[in-house]
Structures are given as structure tokens and as C-alpha cells.
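K.L.:
coordinates for the following, if possible.
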Amino acid sequence: MKYTTLGNTDIKVSEFAVGCWPFAGGSVWGAQDDGVSISTVHAALDHGINFFDTAEGYNDDSHSEEVLGKALKYRREHAVIGTKIGPAHLIPRGIRETCEASLKRLGTDYIDLYQIHWPNHDVNVSKSLEVLEDLRVEGKIRAIGVCNFGQKDLGDAADSVEIVTNQLPYNLLWRAIEQSILPMCRDKGIGLICYSPLAQGLLTGRYSSADEVPDGLSRSRLFSRNRPLAVHGEEGCEKDAFEAIKKIVTIAYELGEHPATVSLAWVRAQEGITSLLVGARSPDELKLNLPAFDYKLSDDIAERLSDSTNAVKQYLGDNADMWNGTNRMR
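P.N.:
Have a look, this model is predicted:
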């Protein structure tokens, strides 16, 4: 396992991170056993994966922060925890209380990377960041990151404090950040944490058609507005998306590799990537993704993969918001 450093800190994170949203179970992910989630965290640590990403808002059948805290009870010193504060709690007077609540659920006295989950355009972000910086100076948090920040919001935040990472959706099917956000992150030296690098499982080849995808996973803008949980109001690009998936699966099988390995290797090879969040729900799912971190694509294969999703990229445009037709990434 290789490691990268968060900004100017001494925090080293594995380039494979466990995205812990599935630990919450519930309407999006379906039933999830806490014991299996805990075993997944231990398996990750045993394989050299030290980075775990969760959020205060990942709360359904279980609370993801609590499950992660239980898993790390005797192994905290080996882990880097990233968690997030929701936009409703970015009012300066509420930030400290929200942070303390996350610390309690996680069973720790510090958070390695505290991230703003989504921008809140009704508050002055510089005032919110002042409180986060106070928490950093006090040792409650070690570094500040953001998630889902577009060019303007990212620029405003970076003018106030050191922002070490921007967490964004990025995968072969979701390349909207290539238009403007990713180049800006590279220019400012802000590392990219990629969420949904397997497009919530679509790039594993698990589903052969849109109708096979569970409701909780078919609410993104890739899918029709008529899907049960979709709120984006758009037509979607299901036909183009599943044609692209077939091409990716074909390329992977030509190489004798699993589609997940090839898809993760493509993202990992892009410039400016700090870590990929993989939402492994079990030790077996975790192990399935490990080969991608020793696998290197040739330039011509990487180009074929990129070409296979150009129609989807064109449809999505520069709106990097996976779920809303009205872009929340300003």
C-alpha cells in the first residue's frame, strides 16, 4: 500500500480509503450488520489501509461514526479518521458542539481530517472556517478539508485557511470535475479524495441494466428522473451509461482483470489524487478491490477506457453534483 501526505501536515493516508457510509445501512445501502462492518475495518488495517471516511450525517439503521469508533477502540493510533460536518451545522456557534458530538460517537479525542460535507451558501464560510481553525489549533482536529466545493466556494475557503483536500465524485462514469474543479485543485495543491470511484458498484459489472440497480443507488443523474428516489428532475443517460459499462467490462476481461480493478486503476492514475474511497461492506468486498492498487494501466488502455465514457461525460457537462439537477457546487 502506498501513502500520500495531506497538505503541509504530517498525516499520511493510504491511497485506498474505506468509505464508511455503507456502515449506516438503511434506505440507501440496505441492511448492514455492524459486526461485519467492524470486521471490514480490521481487515483494512491488516492490509495497510489506514484511512477511514465517515460523516455525522451517515445515520440510518446504524450510525456510521459509532460503528467506526467501536471498530477502532483498540487500534485508534493506527488509523486516520476523516469525518464531516453537515451544512446545517456550519453556523459558527454550532460548529464546536457538532464536532464534540462526532468525537463522542467516534470514541476519540481528535479527528484527523474534519471536512465540510457540502457548502452552505446562507452562512459566511470564512466565519465558519475561523471556528474550524480554532479547533485545529486546540488539537480537536488535525487538518481541514471540504467536500463538494466548486471553484468559487473552494477559492473562498482556501483564502481563509489551509484546505488540504476536496472530496468529490470521480470515476469513469462521472467525470464532470475534469471541466474546471479538478484543474483548480491541482493548481492550488489541494488533494482530491475521490468518492464513488466505482460509481456505487456500477463499474463492478454487477448490474447489466438500469432496472437491476437498487432504488437507493439509482437516484443519481445517470438515471431517469422516474426512478423512485431520484430528485434531480433530469432525463438521465441510462442507455449511454450501460453501453459504456459493457465496453469497460469487455476491456477488463480482455486484460484478464476484474472490471473493478481496471476502473479503480484508471482513477488512481489521474494527476492530483490523494485517496480513493471504496465503500467496502465486508472483508471479501475489501479484498476484491485490493489488486487495483498494484495494477497499472498502459496508456492505450487508459485512453480506450476514457473514450468509452465520452458520451456520458458530454451529457453530464460541468455539473459535478451527482444527485441534483440544480448544481449545489458553486
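K.L.:
which other helices and strands contact the host helix or strand of residue 253?
P.N.:
Using DSSP states H and E, residue 253 maps to helix 238-255. With contacts defined as 3 or more Cβ pairs under 8 Å, 6 or more residues apart in numbering; DSSP states H and E, the packing partners of helix 238-255 are helix 259-268, helix 299-308, helix 310-316. Where you see a C-beta, it was placed from the backbone N, CA and C, and this is true even at glycine.
K.L.:
most packed of the ones you listed?
P.N.:
helix 259-268 (a mean of 23; mean count of other Cβ atoms under 10 Å).
K.L.:
return the alpha-carbon coordinates of that one using PDB.
P.N.:
Output for helix 259-268, consisting of C-alpha atoms alone and laid out as PDB, is shown next (Å, rounded to 0.1, in the frame of the first residue of the first chain):
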ATOM      1  CA  PRO A 259     -13.800  -4.500 -14.000                       C
ATOM      2  CA  ALA A 260     -13.400  -3.100 -10.500                       C
ATOM      3  CA  THR A 261      -9.600  -3.400 -10.700                       C
ATOM      4  CA  VAL A 262      -9.400  -1.700 -14.100                       C
ATOM      5  CA  SER A 263     -11.900   1.000 -13.100                       C
ATOM      6  CA  LEU A 264     -10.000   1.900  -9.900                       C
ATOM      7  CA  ALA A 265      -6.700   1.800 -11.600                       C
ATOM      8  CA  TRP A 266      -8.000   4.400 -14.100                       C
ATOM      9  CA  VAL A 267      -9.000   6.800 -11.300                       C
ATOM     10  CA  ARG A 268      -5.800   6.200  -9.300                       C
END
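K.L.:
what number of residues lie near residue 278?
P.N.:
For residue 278, the tally of surrounding residues (other Cβ atoms under 10 Å) stands at 26.
K.L.:
number the residues from 310 up from this point.
P.N.:
I'll keep to 310 as the first residue from here, and by that count the last item is residue 587.
K.L.:
so who does the nearest residue to it once chain neighbours are set aside touch?
P.N.:
Residue nearest to residue 587 in three dimensions, not counting chain neighbours: residue 598, with 5.0 Å by Cβ to Cβ, 6 or more residues apart in numbering. Applying Cβ atoms under 8 Å, 6 or more residues apart in numbering, one finds that residue 598 lies in contact with 325, 507, 569-570, 573, 587, 589.
K.L.:
in terms of helix, strand or coil, where does residue 598 fall?
P.N.:
When classified by DSSP: H, G, I helix; E, B strand; the rest coil, residue 598 comes out as helix.
K.L.:
how about the helices in the protein?
P.N.:
If you assign secondary structure with DSSP state H, the helices in the chain sit at 335-338, 343-355, 373-380, 401-415, 434-447, 460-467, 490-497, 547-564, 568-577, 592-598, 608-617, 619-625.
K.L.:
for residue 321, find the nearest of those helices.
P.N.:
Nearest to residue 321, of all the helices of the chain, is helix 343-355, at 14.3 Å by Cβ to Cβ.
K.L.:
in that closest one, what counts as buried?
P.N.:
Applying a neighbour-count criterion of 16 or more other Cβ atoms under 10 Å, one finds 343, 346-347, 349-350, 352-354 buried in helix 343-355.
K.L.:
average pLDDT for that helix?
P.N.:
When pLDDT is averaged over helix 343-355, the result is 98.
K.L.:
okay, and for the stretch 360-509 of the chain, where does confidence drop off?
P.N.:
Confidence mapping of the stretch 360-509 of the chain against pLDDT under 70 gives zero matching residues.
K.L.:
neighbours of residue 402, how many?
P.N.:
The number of residues packed near residue 402 is 9, by other Cβ under 10 Å.
K.L.:
roughly how far does it sit from residue 474?
P.N.:
The spacing between residue 402 and residue 474, counted by Cβ to Cβ, to the nearest Å, is 26 Å.
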